[in-house]
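A.B. asks: how does the following fold in three dimensions:
(2 chains)
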There are 2 protein chains.
Amino acid sequence: MSDRLIVVSSDCHAGLHISDYKPYVESRYQDLLDVAVPAQVEMMQKAEESFLIKEINDAWRAPIQQQLTGAWDYQERLRMLAGDGIAAEIIFPDGITEMNTPPFGAGLGLSPRDAVPELQWAGAMAHNRWLAEFCANDPARHVGVASIPLLFDVQQAVEAVRWCVDNGLTSVMIPTLWEDYAPYHDRKYDPFWEVCEDLGVVIHLHSGPAPNTEYFGKNFPAEDRSDELPGAMGVFTSEVTWWLYRPLTFMIWGGVFERYPKLKVVITEGGTLYMLPPWLRLMDHNYSEVHYSAKLGDFRSHLSLSPSEYFARNVAIGASCVPRRDLDLRTQLGDTKLMWGSDYPHPEGTWPQTPDYFKETFSGFPEDDGRKILGENAVEWYGLDRARLQEVANEIGPDTSIFA
Amino acid sequence: MSDRLIVVSSDCHAGLHISDYKPYVESRYQDLLDVAVPAQVEMMQKAEESFLIKEINDAWRAPIQQQLTGAWDYQERLRMLAGDGIAAEIIFPDGITEMNTPPFGAGLGLSPRDAVPELQWAGAMAHNRWLAEFCANDPARHVGVASIPLLFDVQQAVEAVRWCVDNGLTSVMIPTLWEDYAPYHDRKYDPFWEVCEDLGVVIHLHSGPAPNTEYFGKNFPAEDRSDELPGAMGVFTSEVTWWLYRPLTFMIWGGVFERYPKLKVVITEGGTLYMLPPWLRLMDHNYSEVHYSAKLGDFRSHLSLSPSEYFARNVAIGASCVPRRDLDLRTQLGDTKLMWGSDYPHPEGTWPQTPDYFKETFSGFPEDDGRKILGENAVEWYGLDRARLQEVANEIGPDTSIFA
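C.D. replies: Coordinates of the predicted model:
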């Protein structure tokens, strides 16, 4: 083992400013794009005003304006990765602060609410084209996660996955919320799980989406609500993890991992890890409990493993900027594959203080576990080129003194 | 302290067969009732076929057919309470197996989906009238929980609460799911919280409701789903507790308990208790965490206590047929007020094996904690007549040998 650690960030973000995607959008959608983009920019500005505190954001952004362009500028990004000591990264779309999000609502949320399926597909594929180019700069170091609006048309999703693989992208992201579309226990999605398993494509669910309109009242008829919905953001932060894990509840009970035993799913930026053991324990309880479930019929004979066994085999956790108190829970998490991530360039991430974070968080931590969480788990899960990444790490990686 | 324990069941059910509510329904709705009841009976038979395994249910019911009539027959109910050793009971509507549910969808779920508000109110008030009569047989022993379809019209709910109190009912139940209506952080509900606090009315949320149509696919367009949604009931059992606690997430963050510090809420039949500590810890984390929440703005300065502090002060748990392994979690639950319940006459309850359950579950259990959970917590929370209940307990209550 080298003294220099291979660090993989399992949670980074990149994408063009929404106004710059036009060259990547199919020509037949470009007129519509000219109308839609200014409207979306205005909506995002409003969202920033209501979701984010402008003063805090502006103060945070001022001294790092140039470095934030690494969200789309490759050379700037290499400097960021070097500064953080990151040898390889998993790249999701979107950054609210820089408005670098694909058009037509095809960003991190992939929300089907009020979406025009054909246009959301157009926006997603525009991002995927840009992402394939961006990662082609150095495929060993940049793992792009393609956007797949799975809900609308499963066959189109299957074809998009084939396009992604042909263009070097072997990771995809699917919607976390399905709104009025079919949830993921519906067997209509089988062809999608099948192509991902066959081609070794890793499926991702990334935190963020939640039925926000519910928290902020925008979907209630005006006559049926007051203008006061105090604490809405507190509700959001207390529920967003549940919405992120929810698709797995449906996939596990629905037998997706029974039918596709080699399928890989990553849950990214799910917040505090202490919700994970009780969630798994609850599902195992329902799987093994007899008295209560008997009257409810047979909902388990199609499953040869318990929910936590599927989880251990088929799921990894992109734990992002995980604090030490959560890392100390790993004994309760059994074989769960935890993968650190910097969340660059999001304000809640460790960047640009990642080297300090490493020292503070991993001081006195067992080196073997630390190596796994910081990089080795990701190397194995994604099948990365370890030799090549060690070369990079020898130049820019942190050394084992972080465990001192 | 007497050797005979005061046992209070915090979770019992009673109500007429749906066909027998007619005399309690306002005359102007009776013609509609004649149309609606056969339709609802048919729907319930179908639900029983898809939700419940007929053979298991029939086998369970056969030897206890007569005793199940205690769901509406007062003398039969007294024999059930004596057999179980129960001095007092909290009474919710509904029993699926006996089809004793109020008409017009006013039963345990109080679902607003597809409801006609005026009719659901008519059904709820019919049940409340019957319940007030039933409990008047012996108000010290029978605490009826009135059905209040709160979502449709807050002022109507306020008036209904006043009617309930005038008629001896000081407990109410509100919907767990709000569908497209305003969630409980909306200040439009303030007049309802206020009247409940003023009149000492205890608010209940009872387990069961969940967006079932989602699990079973009934709300997807036919062309957008397959007919196969395996494991749907597994998903339901894994999510139903979350839907039950969800209203509290909104009430806590919304500042309901800040504005109405004496308001009392009971969460009934919420399943395994080990989900409770992490849920409280997550909300406390979001309340105290700075780095992540700063950019999200101020969602806590209207709260003078932490979420778990409101919970400890304003909420009690109707833990129903709680197993020993959950009781052993009580040290993690701090001051949480746990209250046992038999769930009579539901098949998943302890009845008719309650005396055996007491011995198995409380053997070697600390007597002081056991007395609280079995009855004393409920006596205090609901302000029951302890002296009168001790008299009843001296006749029918279990003795302290269950702790041996």
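A.B. asks: which SSE is residue A:113 in?
C.D. replies: Here residue A:113 sits in a region with no helix or strand, counting by DSSP states H and E.
A.B. asks: check contacts around it.
C.D. replies: Residues in contact with residue A:113 (Cβ atoms under 8 Å, 6 or more residues apart in numbering or on different chains) are A:177, A:179, A:213. C-beta coordinates here come from the backbone N, C-alpha and C atoms, glycine included.
A.B. asks: now residue A:273
C.D. replies: Per Cβ under 8 Å, 6+ apart, neighbours of residue A:273: A:317, A:319, A:322, A:326, A:329, A:333, A:338.
A.B. asks: distance of the closest residue to the fourth one other than its chain neighbours relative to chain B?
C.D. replies: In other words, residue A:326. Distances taken as Cβ to Cβ, 6 or more residues apart in numbering or on different chains place residue A:273 nearest to residue A:326, at 4.3 Å, with adjacent residues excluded. Per Cβ to the nearest Cβ, to the nearest Å, residue A:273 is found 10 Å from chain B.
A.B. asks: pLDDT score for residue A:273?
C.D. replies: pLDDT, residue A:273: 85.
A.B. asks: which of the contacts of residue A:113 lies closest to residue A:353?
C.D. replies: Comparing the contacts of residue A:113 against residue A:353 with Cβ to Cβ places residue A:177 closest, at 32.2 Å.
A.B. asks: am I right that that closest one is in contact with residue A:209?
C.D. replies: Yes - taking contacts as Cβ atoms under 8 Å, residue A:177 lies within contact range of residue A:209: 4.9 Å.
A.B. asks: which residues are in contact with both of these two?
C.D. replies: By Cβ under 8 Å, 6+ apart, the residues touching both residue A:177 and residue A:209 are A:109, A:111, A:243.
A.B. asks: now do the strands in chain A.
C.D. replies: Here chain A has its strands, by DSSP state E, at A:8-13, A:88-92, A:142-147, A:171-173, A:202-206, A:265-268, A:315-320, A:337-340.
A.B. asks: ok, and what's touching the second one?
C.D. replies: Which is strand A:88-92. Residues outside strand A:88-92 that contact it (Cβ under 8 Å, 6+ apart): A:6, A:8-14, A:81, A:108, A:131, A:134-135, A:140-145, A:171, A:173, A:204, A:206, A:266, A:268, A:318, A:341-342, A:344, A:375, A:378-379, A:382, A:384, A:389, A:392.
A.B. asks: which residues are contacting stretch A:321-334?
C.D. replies: With Cβ under 8 Å, 6+ apart, stretch A:321-334 has contacts from A:272-274, A:276-277, A:308, A:312, A:319, A:336, A:338, A:340-343, A:348-350, A:357, A:360-362, A:365, A:369, A:373.
A.B. asks: which of these fall within helices?
C.D. replies: Mapping these onto helices (DSSP state H) picks out A:276, A:277, A:308, A:312, A:357, A:360, A:361, A:362, A:369.
A.B. asks: what's around residue A:352, how many residues?
C.D. replies: Residues lying near residue A:352 (other Cβ atoms under 10 Å in any protein chain shown) number 17.
A.B. asks: any chance of the shared contacts of residue A:177 and residue A:209 in a markdown table, plus neighbour count?
C.D. replies: Output for the shared contacts of residue A:177 and residue A:209, formatted as a markdown table (neighbours: other Cβ atoms under 10 Å in any protein chain shown):
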| residue | neighbour count |
| --- | --- |
| A:109 | 20 |
| A:111 | 23 |
| A:243 | 17 |
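A.B. asks: inside helices: which ones of these?
C.D. replies: Counting by DSSP H, the shared contacts of residue A:177 and residue A:209 contribute residue A:243 to helices.
A.B. asks: nearest to chain B among the shared contacts of residue A:177 and residue A:209?
C.D. replies: Nearest to chain B among the shared contacts of residue A:177 and residue A:209: residue A:243, at 10.5 Å, using Cβ to the nearest Cβ.
A.B. asks: for the residue nearest the centre of chain A, which non-adjacent residue is spatially closest?
C.D. replies: The centroid of chain A falls nearest to residue A:206 when counting by Cα atoms, centre = their mean (2.8 Å). Excluding the flanking residues, the one nearest residue A:206 by Cβ to Cβ, 6+ apart is residue A:268, at 4.5 Å.
A.B. asks: residue contacts, the one you found?
C.D. replies: The contact partners of residue A:268, by Cβ under 8 Å, 6+ apart, come to A:10, A:11, A:90, A:92, A:204, A:205, A:206, A:207, A:317, A:318, A:320, A:341.
A.B. asks: would you list those residues in JSON lines and tack on pLDDT?
C.D. replies: Listed next are those as JSON lines, based on pLDDT from 0 to 100:
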{"residue": "A:10", "pLDDT": "98"}
{"residue": "A:11", "pLDDT": "97"}
{"residue": "A:90", "pLDDT": "98"}
{"residue": "A:92", "pLDDT": "97"}
{"residue": "A:204", "pLDDT": "98"}
{"residue": "A:205", "pLDDT": "98"}
{"residue": "A:206", "pLDDT": "96"}
{"residue": "A:207", "pLDDT": "93"}
{"residue": "A:317", "pLDDT": "96"}
{"residue": "A:318", "pLDDT": "96"}
{"residue": "A:320", "pLDDT": "91"}
{"residue": "A:341", "pLDDT": "97"}
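A.B. asks: farthest-separated two in the residues you listed?
C.D. replies: Most distant of the contacts of residue A:268, by Cβ to Cβ, are A:92 and A:317, 14.8 Å apart.
A.B. asks: neighbour-wise, which of those two wins?
C.D. replies: Ranked by neighbour count (other Cβ under 10 Å), residue A:92 and residue A:317 place residue A:92 first, with 29 against 23.
A.B. asks: pLDDT weak spots in chain A?
C.D. replies: Counting by pLDDT under 70, chain A shows low-confidence ranges at A:48-53, A:96, A:218-227, A:290-295.
A.B. asks: what sits against the closest residue to residue A:388 other than its chain neighbours?
C.D. replies: Distances taken as Cβ to Cβ, 6+ apart place residue A:140 nearest to residue A:388, at 4.6 Å, with adjacent residues excluded. When contacts are counted by Cβ under 8 Å, 6+ apart, residue A:140 touches A:88, A:384, A:385, A:388, A:389.
A.B. asks: for residue A:140, phi and psi?
C.D. replies: Backbone torsions of residue A:140, given as degrees, to the nearest 10, read phi -70, psi -30.
A.B. asks: how close does it get to residue B:264?
C.D. replies: 61 Å (Cβ to Cβ, to the nearest Å).
A.B. asks: ditto for residue A:351
C.D. replies: Taking Cβ to Cβ, one finds residue A:351 at 47 Å from residue B:264.
A.B. asks: burial of whichever residue of the stretch 251-400 of chain A sits closest to chain B, as a residue count?
C.D. replies: Per Cβ to the nearest Cβ, residue A:253 is where the stretch 251-400 of chain A lies closest to chain B, at 3.2 Å. Per other Cβ under 10 Å, the neighbour tally for residue A:253 reads 31.
A.B. asks: and what of residue A:13?
C.D. replies: 26.
A.B. asks: now do residue A:368
C.D. replies: If we define neighbours as other Cβ under 10 Å, then residue A:368 has 10 of them.
A.B. asks: so how far is residue A:376 from it?
C.D. replies: Distance, residue A:368 to residue A:376, by Cβ to Cβ: 9 Å.
A.B. asks: what do you get for residue A:84?
C.D. replies: 17 Å.
A.B. asks: out of those two, which sits in the busier spot?
C.D. replies: residue A:84 (25 against 22).
A.B. asks: residues touching the more buried one, list them.
C.D. replies: Contacts of residue A:84 by Cβ under 8 Å, 6+ apart are A:7, A:9, A:342, A:344, A:350, A:351, A:352, A:354, A:355.
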